[in-house]
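*Asks:* need a 3D model of the sequence below.
(one chain, ligands or ions: 3)
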Amino acid sequence: MEVLTTQILTDVIVPRPLDSHKGTFGRVLLIGGNHQFGGAIIMATQAAVASGAGLVTVATDPSNRTALLTRLPEAMTIDYHHDDLVMQQLSSADVVVIGPGLGTDAIALHLLQLTLRLIQPQQRLIIDGSALTLLAEHQLPVNHQQTVYTPHQMEWQRLSQLPINQQTEVTNAQAKAKFPGIVVVKKHHSEIYTSQGTYQLPIGTPAQATGGMGDTLAGIIGGLTAQFTRDFTQTVLAAVYLHSAVAEQLATTNYVVLPTTISESLPAFMHQISTAPNN
Ligand SMILES: NC(=O)C1=CN([C@@H]2O[C@H](COP(=O)(O)OP(=O)(O)OC[C@H]3O[C@@H](n4cnc5c(N)ncnc54)[C@H](O)[C@@H]3O)[C@@H](O)[C@H]2O)[C@@H](O)CC1
Ligand SMILES: Nc1ncnc2c1ncn2[C@@H]1O[C@H](COP(=O)(O)OP(=O)(O)O)[C@@H](O)[C@H]1O
Ligand SMILES: [Mg+2]
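*Replies:* Residues are numbered from 1 along each chain as shown. Ligands and ions are numbered 1, 2, ... in the order given. Below you'll find the model as predicted:
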């Protein structure tokens, strides 16, 4: 297992081209946030916006609209009950993030099936939270190469059928082979399974053990894969590293690191990386 270093950040997070506009940095569509879990999609959206996605649209339950726009006027919203609107957004997105706070009811399943049916090879797909539980429950096949799955150990247990205490590098890699794309098994020192090999995140802190931390990671992966398109695997590794690098820095002075504080810190942190001497 290759241990990641800060090098992954400077390799991927480079200065922005001068000749650019919002379209240059990608369109992200986030799908999630039911009546109960509005916070999850708000946190994922904040992370996508703050990590630099050019344009961000959220398909969510309408009960989340006011809260979302109050916090994030940068985002656009649609009601996820309207298939025509969702399909339109699915066709124009560069990156689709599905799952934060999606829940597992009929509309959630419908949205996931619609996404899996319409996703195109050049688009990037991030499957998180409830969408992972739905994949496992309904045995939905994924035939899309540029997919990132972000299960925590319990979600990975559902997907891989490996009990948490039997999730080793060897068993995880075997189980990963059934999933095209990249699997990020989230825990203390998360492991990233790719077709090119396995990587370990050597950073991260218990100060991150709070609800919304994974929703924020999904948004960061969305934001980075929208704008850094040179190498999909490297960009996903950088996103996973960035999330915990910011958290570790905040944890030097904070007992608990809030997911929204990570997002607030992203622009300054990414600026520092992109202006580092070897960048
Ligand atoms: N503010 C919000 O709206 C929040 C909504 N959330 C959403 O709630 C839905 C359900 O997700 P949950 O993860 O809460 O529920 P799950 O039922 O999928 O998993 C949580 C359970 O897994 C166990 N577990 C074992 N190993 C773990 C590990 N390494 N990391 C995390 N948990 C581990 C936990 O103890 C817990 O009992 C998702 O859609 C998620 O996005 C959560 O993100 C929490 C915050
Ligand atoms: N003790 C810990 N050490 C390092 N990272 C942690 C720790 N606890 C949680 N995390 C990180 O926080 C995130 C939690 O994700 P997840 O459980 O999906 O959160 P949520 O669904 O509530 O947003 C993962 O990236 C995980 O690696
Ligand atoms: Mg989660």
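
*Asks:* which stretches of the stretch 1-150 of the chain form strands?
*Replies:* Read by DSSP state E, counting those that start in this stretch, the stretch 1-150 of the chain holds these strands, from start to end of the chain: 2-3, 27-31, 55-60, 76-79, 95-98, 124-127, 147-149.

*Asks:* okay, the ones you listed in JSON lines with mean pLDDT and distance to ligand 3 next?
*Replies:* Placement of C-beta: from N, CA and C, glycine included. Output for the strands of the stretch 1-150 of the chain, formatted as JSON lines (pLDDT from 0 to 100; distance: least, CB to the ion, whole Å):
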{"stretch": "strand 2-3", "mean pLDDT": "98", "distance to ligand 3": "24"}
{"stretch": "strand 27-31", "mean pLDDT": "98", "distance to ligand 3": "14"}
{"stretch": "strand 55-60", "mean pLDDT": "98", "distance to ligand 3": "16"}
{"stretch": "strand 76-79", "mean pLDDT": "98", "distance to ligand 3": "21"}
{"stretch": "strand 95-98", "mean pLDDT": "98", "distance to ligand 3": "12"}
{"stretch": "strand 124-127", "mean pLDDT": "98", "distance to ligand 3": "11"}
{"stretch": "strand 147-149", "mean pLDDT": "98", "distance to ligand 3": "11"}
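
*Asks:* which bits of the stretch 1-150 of the chain sit near ligand 2?
*Replies:* Within the stretch 1-150 of the chain, the positions near ligand 2 by CB under 6 Å from any ligand atom are residue 129.

*Asks:* who in the stretch 1-150 of the chain is up against ligand 3?
*Replies:* For the stretch 1-150 of the chain, the residues found near ligand 3 under the criterion CB under 5 Å from the ion are residue 129.

*Asks:* which stretch among the strands of the stretch 1-150 of the chain comes nearest ligand 1?
*Replies:* When the strands of the stretch 1-150 of the chain are compared by CB to the nearest ligand atom, strand 95-98 sits nearest ligand 1, at 10.2 Å.

*Asks:* contacts for the closest one?
*Replies:* Residues from elsewhere that reach strand 95-98 (CB atoms under 8 Å, 6 or more residues apart in numbering): 26-32, 44, 48, 53, 90, 111-112, 115, 119, 123-128, 131, 218-219, 221-222, 225-226.

*Asks:* now with 6 Å, please.
*Replies:* Applying CB atoms under 6 Å, 6 or more residues apart in numbering, the contact partners of strand 95-98 are 28-31, 115, 124-127, 131, 218, 222, 225-226.

*Asks:* picking up where we left off before, need the strands of the stretch 1-150 of the chain in TSV (columns: distance to ligand 1 and mean neighbour count).
*Replies:* Formatted as TSV, the strands of the stretch 1-150 of the chain follow (distance: least, CB to the nearest ligand atom, whole Å; neighbours: other CB atoms under 10 Å):
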stretch	distance to ligand 1	mean neighbour count
strand 2-3	19	10
strand 27-31	11	28
strand 55-60	11	26
strand 76-79	16	18
strand 95-98	10	29
strand 124-127	11	28
strand 147-149	13	24
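
*Asks:* distance check, the residue lying closest to residue 146 once chain neighbours are set aside against ligand 2.
*Replies:* In this structure, residue 146 finds its nearest non-sequential neighbour in residue 124, 4.7 Å apart by CB to CB, 6 or more residues apart in numbering. Relative to ligand 2, residue 124 is positioned 19 Å away (criterion: CB to the nearest ligand atom, to the nearest Å).
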